[in-house]
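Undergrad: have a look; sequence and predicted model below, questions after that.
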Amino acid sequence: MPSEPRVPAEPTLEELSAYLDHELDAATQARVAEHVAGCDECRARLDGLRETVTAIRAMPMETPPRTFTVPEQRRQAWRWAPAGWIGGAAVALLLIAVGIQNLHLPASSPTSSTTSGGLAQHNAFAPYGQVAPLDRSGQSVPSTVQRALSANSTTVVDPQNSSRSLAISTDATSYPASGVITVHVTTRGLSGAEASSVRVFLSRETAKGGYAVGLTPPSSASTYPFDWEASYSISQMRLPAPVAGSYSLQVTIDMSSHQSLTASLPLTITP
Amino acid sequence: MVASNNSNDDRDLVGRARRGDREAFTQLIVQYQVPLYNMALRMVGRPDDAADVAQEAFLRAWEKIRTLRDAPFKAWLFQIAANLCYDYFRRGRRYGVMPDEDMTSNVVGLGITTPDPQESAESNERTRLVRDCIQALDHDMRIAIILRDVNGMAYDEIAAVLRVPLGTVKSRIARARAQVQERLQEHPDFFPTREDAHAE
């Protein structure tokens, strides 16, 4: 007596789930496919799981709210709270900063072959609001030359070592939304071994918490002490509307001693 | 959202980092900071706490990388972060607190064109519901489904991260998905089932 065609055994929940991920062996994958093709109930279960997976995978990948970095010297002991060593943590909490900012690499580094050097030029940062300087940026500024950047300036001295300082200035205090901000950054008493990274942001605090746009230092900013000037087009920053308002330009030098020097200047952008 | 296999690329960077090359390790940070942060964010809920977890994971990896031999760096790094997430809850830190909506939108919206407000609101609500459903899972199921459906890891990678058998990974992911599905179906306005769609 001929036997009736056998319907493959009903798949388990685990098999249906793994089937979606192609994580079953070939025989089981085929068995599940065959069963589902002839079983409305299991097909509905599979569709439900598939829609759930789709909903989970539709969640956006968030951008980290601050940069991650490690010290030059490895720690000797574990500890939980990392915030203590992150220089300028208070500032970082105010900023919604993104990406690793211009970690200085030697010329032999694979990433230093990008247009202006440093990891900030890595393609991975493209969606994160990184703004490259304009072409005319990157000129080393002789310290003896008095630039027209004294309109807005500040100097921060390291309280632990008065020979270290960070000075920043801009060519104006107020810019039209279509304008260009020229920034001059100078460090004194800091060697490349002591300074691990530099972060430059234009930030704005709003009622909803604020945001920041990272400004990439020019390629010349790869050695210490700094003495560089860079120009940034405001329109290229793609600032959220309304663009006009009060901003803060912040430059932070992270040091291998787990401290940092941060200098900030107020700026105004007009319509 | 399936992750690419970067093990070959990692090998060179890991080798250099083991010899103390901090720049090589920094490239590993660049490569993994977003997926690692997102894993932590979906586990602990709060952006600042997730950033703490990710930062500490990178620090520990940097300090211990000399002990890493043939194991894949990615699984090892995520294992460190997963353990930190366990610690986070063991130490009685905030549990299941949702990220502040404004903070989240600020992080995402940086320098990016704002979408249509209504579409954005619906999308945000869907995201919030999914996130809440995942947060409601028990710890073991939650991390399994996050590693799979947020980070796009293969089952054997997840087994390596969690140090459990492959069958356990399969079971946890399946049960987690079923529970999330059940909870999402309580919100047919945002997640209509096929029966709902046919009934309309």
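TA: That came through fine.
Undergrad: following the worst-scoring helix or strand of chain A on mean pLDDT, which helix or strand comes up?
TA: Using mean pLDDT, DSSP states H and E, the weakest-scoring helix or strand in chain A turns out to be helix A:89-94, at a mean of 38. For helix A:89-94, the succeeding helix or strand toward the C-terminus, using DSSP states H and E, is strand A:152-157.
Undergrad: pop the domain breakdown of chain B in here.
TA: Following automatic domain parsing, chain B resolves into domains at B:1-97, B:116-200.
Undergrad: which of the ones you listed comes out lowest on mean pLDDT?
TA: Across the domains of chain B, domain B:1-97 has the smallest mean pLDDT, namely a mean of 84.
Undergrad: centroid residue for chain B?
TA: With distances taken as Cα atoms, centre = their mean, B:Met39 lies nearest the centre of chain B, 1.7 Å away.
Undergrad: could you dump the domains of chain B to a markdown table with distance to A:Ser153?
TA: In short, each C-beta sits where N, CA and C put it, glycine included. Below are the domains of chain B laid out as a markdown table (distance: least, Cβ to Cβ, whole Å):
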| stretch | distance to A:Ser153 |
| --- | --- |
| domain B:1-97 | 31 |
| domain B:116-200 | 40 |
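Undergrad: with distance to chain A added, can I get these in a markdown table?
TA: Formatted as a markdown table, the domains of chain B follow (distance: least, Cβ to the nearest Cβ, whole Å):
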| stretch | distance to chain A |
| --- | --- |
| domain B:1-97 | 4 |
| domain B:116-200 | 4 |
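Undergrad: which among those is found nearest to A:Phe68?
TA: domain B:1-97 (5.2 Å; Cβ to Cβ).
Undergrad: now do the closest one: distance to the chain's middle.
TA: Centre-to-centre, domain B:1-97 and its host chain are 11 Å apart (Cα atoms, centre = their mean, to the nearest Å).
Undergrad: now the element after the lengthiest helix in chain B, going C-ward?
TA: What stands out as the longest helix in chain B, according to DSSP state H, is helix B:22-44. Following helix B:22-44 in sequence order, the next helix or strand is helix B:47-64 (DSSP H and E).
Undergrad: just the CA trace of whichever helix or strand comes after that following helix, in PDB.
TA: Using DSSP H and E, the helix or strand that follows helix B:47-64 towards the C-terminus is helix B:73-90. What follows is helix B:73-90, C-alpha atoms only, in PDB (Å, rounded to 0.1, in the frame of the first residue of the first chain):
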ATOM      1  CA  PHE B  73      39.600  40.700  18.900                       C
ATOM      2  CA  LYS B  74      36.000  41.600  18.200                       C
ATOM      3  CA  ALA B  75      34.500  38.800  20.200                       C
ATOM      4  CA  TRP B  76      37.100  39.400  23.000                       C
ATOM      5  CA  LEU B  77      36.300  43.200  23.100                       C
ATOM      6  CA  PHE B  78      32.500  42.500  23.200                       C
ATOM      7  CA  GLN B  79      33.000  39.900  25.900                       C
ATOM      8  CA  ILE B  80      34.700  42.600  28.000                       C
ATOM      9  CA  ALA B  81      31.800  45.000  27.400                       C
ATOM     10  CA  ALA B  82      29.300  42.300  28.100                       C
ATOM     11  CA  ASN B  83      30.900  41.600  31.400                       C
ATOM     12  CA  LEU B  84      30.900  45.300  32.200                       C
ATOM     13  CA  CYS B  85      27.200  45.300  31.500                       C
ATOM     14  CA  TYR B  86      26.700  42.500  33.900                       C
ATOM     15  CA  ASP B  87      28.700  44.400  36.500                       C
ATOM     16  CA  TYR B  88      26.600  47.500  35.800                       C
ATOM     17  CA  PHE B  89      23.500  45.700  37.000                       C
ATOM     18  CA  ARG B  90      25.200  43.800  39.700                       C
END
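Undergrad: good, we can wrap up now.
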